[in-house]
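A.B. asks: Sharing a sequence plus its predicted fold:
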Amino acid sequence: MNDYLIPVLLIVLAPIIGGLVYGFERVVKARMQRRIGPPLLQPFYDFLKLADKRKMIVHSAHAFLGIMHFVSLWFALGVLLLGGDLILVIFLHLLSTALIILAGYSTRSVFSHLGANRTAISVLAYEPVLIIIAVSIFMITGTFETGAVYLWDEPLLYKMPLAFVALLLILPIKLKKSPFDVAEAHQEVTGGVELEFSGLFYEAVYTAKWLDYVFCYTLVFLFAGSNILLGIGLIVFTFFYLNALDNSSARVNYKQMLRFSLGVAFSLAFINLLINILS
Amino acid sequence: MKLASYRKKSPWILHYNAGGCNGCDIEILACLGPKYDIERFGMINTGNPKQSDILLVTGPVTKRSRERLVEIYAQMPEPKVVISCGACASTGGVFRGMYNCEGGIDQYIPVDVYVCGCGTRPEQIIDGVVQALGILEKKTKELEESVRLKKEAVNEGKQLNRRNIADEIKPLLS
Ligand code: SF4
């Protein structure tokens, strides 16, 4: 019973935790730019305000896909935290991204289409690497169950450091941070797929972004095995790494992103997998 | 903290240049920078009309931009506030009387706050936005309450149609 307490709490509170992470991130980012930055609870103010706005929907399927994106992402997070199959988690996450891509294509806005194209490309960039990392984890632990990985004695980081580097390289793509934020690209395509959402329905997409934070940091936590302190250290390190990278780099175009992730990150993960198989 | 005060805490701004000289736009960007940092009030420059609350327009309406201006305004969900930023957005400014220019933006969309200056100063813009926040909150409240309920019920003898009611409640709103 007690084994399930913490995961279930984490799952229920995931949007709140994600919102706090996002708020803290905005403060940290502002401080890095020598600004004061918004209050910590800013994401929640945004949340409440968006609930107040009048709802405008393009068509009902579009709004529905947006909400399903949120729900399926939460479900994927739930499976990940409860110790489900890692491959299943990755594909559930892919499903939720596919839903938002469909939503992007279902409108007539050009920017929405562009955003959907770019989101699809970024899926192409990070998904293979994630799968290879999952297979590497399987090679070491002998199981795809994340529940077993949480209890694994020796931190996976020591066995597969290259895979961790590869994960660090694709996390900016997944979280839509510079230099790999072509999918969102606020100055070019004004948010891409989320462009046509408004009011309460934008809220679903906005909160899904918070869930994505929790999802990605849980993936990072996997590398620490049962060593909770190391896991927290890794998460903190990843947090500052992501923000520093976001603040200090300019956006690359999608071809460069694809070349980089499939060239560098994928080969790193693959070399790591080879080493794991051979040793 | 009052629960309702969150409405003033997260104004998302949409910035549109209807045809100005870019001077005011640079000042708006200066507001976002480290010195003035309007993000500490929770403001974001979204660039997406469907998610923003405040429309910040610079430059006069030109024959090319008027349709876009009205369309952007129409795409913003209620409650929304319009700020005209700079002399030429308010009156036409230095462009007034030119063959391509139709003067201030209030000829096409209702404006709530006028910010003066040719090259508005960032302080003025922030001041204008803070005033706009007050208006935004008032508008949000107006959306919620029906002014008609404040008057006594219409009895059968003299029923009003909707236009009459609108005329009747206009003084109450202002
Ligand atoms: S008010 Fe002056 S500085 Fe501003 S856009 Fe118009 S001409 Fe340029």
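C.D. replies: Alright, I've got the coordinates. Predicted, not measured: the structure shown is a model, and the values here were computed from it. Residues are numbered from 1 along each chain as shown, chains lettered A, B, ... in the order given.

A.B. asks: only C-alpha atoms for contact and neighbour calcs from this point on.
C.D. replies: OK.

A.B. asks: ranges for the helices of chain A?
C.D. replies: Assigned by DSSP state H, the helices in chain A fall at A:2-32, A:42-52, A:60-81, A:86-105, A:110-141, A:146-150, A:156-159, A:161-174, A:199-222, A:228-248, A:254-260, A:266-278.

A.B. asks: what's the neighbour count on whichever residue of chain B sits closest to chain A?
C.D. replies: Using Cα to the nearest Cα, B:Arg40 is the residue of chain B that sits closest to chain A, at 4.0 Å. By other Cα atoms under 10 Å in any protein chain shown, 19 other residues sit near B:Arg40.

A.B. asks: which ones are touching the closest residue to it other than its chain neighbours?
C.D. replies: Counting by Cα to Cα, 6 or more residues apart in numbering or on different chains, A:Pro38 is the residue found nearest to B:Arg40 once chain neighbours are left out, at 4.0 Å. If you count contacts by Cα atoms under 8 Å, 6 or more residues apart in numbering or on different chains, A:Pro38 has them with A:23, A:26-27, A:30, B:39-42.

A.B. asks: ok, back up a step: ok, which of the helices of chain A comes nearest chain B?
C.D. replies: Once these are compared by Cα to the nearest Cα, helix A:42-52 is nearest, at 5.3 Å.

A.B. asks: Lowest mean pLDDT among the helices and strands of chain B, which one is it?
C.D. replies: helix B:162-173 (a mean of 69; mean pLDDT, DSSP states H and E).

A.B. asks: Next up, the contacts around residue 8.
C.D. replies: Answering for chain A, as no chain was given. Applying Cα under 8 Å, 6+ apart to A:Val8 gives the contacts A:78, A:81-82.

A.B. asks: nope, chain B please
C.D. replies: B:133-134, B:136-137 are the contacts of B:Lys8 under Cα under 8 Å, 6+ apart.

A.B. asks: can we see that at 6 Å?
C.D. replies: B:Leu133 (Cα atoms under 6 Å, 6 or more residues apart in numbering or on different chains).

A.B. asks: State the distance from B:Val81 to B:Gly20.
C.D. replies: 20 Å (Cα to Cα, to the nearest Å).

A.B. asks: neighbour count winner among those two?
C.D. replies: With neighbours defined as other Cα under 10 Å, B:Val81 and B:Gly20 compare such that B:Val81 has more, 26 against 23.

A.B. asks: which one is the more buried one nearest to, not counting chain neighbours?
C.D. replies: B:Val81 sits nearest to B:Ile54 (Cα to Cα, 6+ apart), 4.9 Å away.

A.B. asks: which phi and psi does that neighbour have?
C.D. replies: Backbone geometry at B:Ile54, expressed as degrees, to the nearest 10, gives phi -120, psi 130.

A.B. asks: hang on, it packs against B:Ser84?
C.D. replies: No: judged on Cα atoms under 6 Å, B:Ile54 makes no contact with B:Ser84 at a distance of 10.5 Å.

A.B. asks: now check the longest helix anywhere in chain B, is it near chain A?
C.D. replies: Taking DSSP H as the criterion, chain B has its longest helix at helix B:122-144. No: counting by Cα under 6 Å from any Cα of the partner chain, chain A is not contacted by helix B:122-144; separation bottoms out at 8.3 Å.

A.B. asks: which outside residues touch that helix?
C.D. replies: Here helix B:122-144 makes contact (Cα under 6 Å, 6+ apart) with B:8, B:27, B:31, B:79.

A.B. asks: at 8 Å what do you get?
C.D. replies: Outside helix B:122-144, the residues that reach it (Cα under 8 Å, 6+ apart) are B:7-8, B:11, B:27-28, B:30-31, B:36, B:38, B:54, B:79-83, B:85, B:112-116.

A.B. asks: Buried among those residues? Need that as a selection in PyMOL.
C.D. replies: PyMOL command restricting the contacts of helix B:122-144 to the buried ones, with burial defined by 16 or more other Cα atoms under 10 Å in any protein chain shown:
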select buried, chain B and resi 7+8+11+27+28+30+31+36+38+54+79+80+81+82+83+85+112+113+114+115+116
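
A.B. asks: where does the chain have low pLDDT?
C.D. replies: Picking chain A for this. A:1-2, A:183, A:185-187, A:189 (pLDDT under 70).

A.B. asks: my question was about chain B
C.D. replies: B:1-5, B:144-162, B:165, B:169, B:172-174.

A.B. asks: residues contacting the residue nearest the centre of chain A?
C.D. replies: Residue closest to the average C-alpha location in chain A (Cα atoms, centre = their mean): A:Asp212, at 4.0 Å. If you count contacts by Cα under 8 Å, 6+ apart, A:Asp212 has them with A:18, A:73, A:175.

A.B. asks: so the last one makes contact with A:Leu211?
C.D. replies: No: in this structure, A:Leu175 is not within contact of A:Leu211 by Cα atoms under 8 Å, at 10.4 Å.

A.B. asks: where do the helices sit along chain B?
C.D. replies: Under DSSP H, chain B gives helices at B:23-32, B:66-75, B:87-90, B:122-144, B:162-173.

A.B. asks: Pick the most buried one from these.
C.D. replies: helix B:87-90 (a mean of 28; mean count of other Cα atoms under 10 Å in any protein chain shown).

A.B. asks: Which strands and helices lie in contact with it?
C.D. replies: The contact analysis (3 or more Cα pairs under 8 Å, 6 or more residues apart in numbering or on different chains; DSSP states H and E) places helix B:87-90 against strand B:54-58, strand B:113-115.

A.B. asks: contact partners of the longest one?
C.D. replies: Just to be clear, that refers to strand B:54-58. B:11-20, B:24-25, B:73, B:80-86, B:88-89, B:132.

A.B. asks: A:Ile277: how many residues sit nearby?
C.D. replies: Neighbours around A:Ile277, by other Cα under 10 Å: 11.

A.B. asks: State the distance from B:Gly134 to the ligand.
C.D. replies: Look at B:Gly134 and the ligand: by Cα to the nearest ligand atom, to the nearest Å, they are 24 Å apart.

A.B. asks: And for A:Leu169?
C.D. replies: Counting by Cα to the nearest ligand atom, the gap from A:Leu169 to the ligand is 42 Å.

A.B. asks: Measure how buried that residue is and give me the count.
C.D. replies: 21.

A.B. asks: residue contacts, it?
C.D. replies: A:Leu169 neighbours (Cα under 8 Å, 6+ apart): A:261, A:265.

A.B. asks: Thanks again, I'm all set now.
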